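Asker: Requesting a structural model of the entry that follows:
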Amino acid sequence: MSRRRSSEKDNRGHSQRQLRVGEEIRHLLAELFERGNMRDPVLRDASVTVTAVDVSPDLRNATAFVMPLGGVDETRLLAAMRRAAPWFRARVGERAGLRYAPEIRFELDRTFDEADKIGALLRRPDVARDIEEE
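Answerer: Next comes the predicted model:
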């Protein structure tokens, strides 16, 4: 049995370091949203979940997948996050201990929507009948 090197990739193509840094950035962003110290009132009053952060192999770019809670206008909130991206980058750079603070892009997390669509498809009578027969 061979040992797995730290430079080896996982099944999605991310190295262990990318995953570790992405998770650290996710925690830092979640903490920043929780504190609500932003100047923009749209961000200050918003409840946001940071579901994942994908980091590029050189650790200079990060995409943060977010999900607004409480029925907040997603497009307005996403626009506010994109405007505040340099502020988030500076705060993450101060706390992450990385040589370079990554550029942070914010995207809405659509995985929950996709999971709902798949669930609805599986509950359709014609599909449920086919599944039960097997």
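Asker: make it CA atoms for all contacts and neighbour counts henceforth
Answerer: Noted.
Asker: so how far is the helix or strand containing residue 43 off the chain centroid?
Answerer: For residue 43, the host element (DSSP states H and E) is helix 41-44. Chain-centre distance of helix 41-44: 19 Å, with Cα atoms, centre = their mean, to the nearest Å.
Asker: list the buried ones in it?
Answerer: 42-43 (16 or more other Cα atoms under 10 Å).
Asker: Can you list the helices and strands that it packs against?
Answerer: With contacts taken as 3 or more Cα pairs under 8 Å, 6 or more residues apart in numbering; DSSP states H and E, helix 41-44 sits against helix 74-83.
Asker: lowest-confidence helix or strand of the chain?
Answerer: helix 125-133 (a mean of 72; mean pLDDT, DSSP states H and E).
Asker: Just give me how far that helix sits from the chain centre.
Answerer: With Cα atoms, centre = their mean as the basis, the mean position of helix 125-133 lies at 34 Å from the chain mean.
Asker: Show me what counts as buried in it.
Answerer: Quick answer for helix 125-133: no buried residues (16+ other Cα under 10 Å).
Asker: who's in contact with the lengthiest helix in the chain?
Answerer: When the chain is parsed with DSSP state H, its longest helix is helix 16-35. Residues outside helix 16-35 that contact it (Cα atoms under 8 Å, 6 or more residues apart in numbering) are 6-10, 43-44, 46-57, 59, 62, 64, 88, 92, 95-96.
Asker: ok, 10 Å please
Answerer: Residues from elsewhere that reach helix 16-35 (Cα atoms under 10 Å, 6 or more residues apart in numbering): 5-10, 14, 38, 43-59, 62-66, 88-89, 91-93, 95-96, 98, 102, 104.
Asker: Give me the mean pLDDT for it.
Answerer: In this model, helix 16-35 carries a mean pLDDT of 93.
Asker: now swap in stretch 113-120 and tell me
Answerer: Mean per-residue pLDDT for stretch 113-120: 75.
Asker: what about residue 39, neighbour count?
Answerer: 10 (other Cα atoms under 10 Å).
Asker: List the contacts of it.
Answerer: Taking Cα under 10 Å, 6+ apart, one finds 84, 87 in contact with residue 39.
Asker: Fine by me, thanks again.
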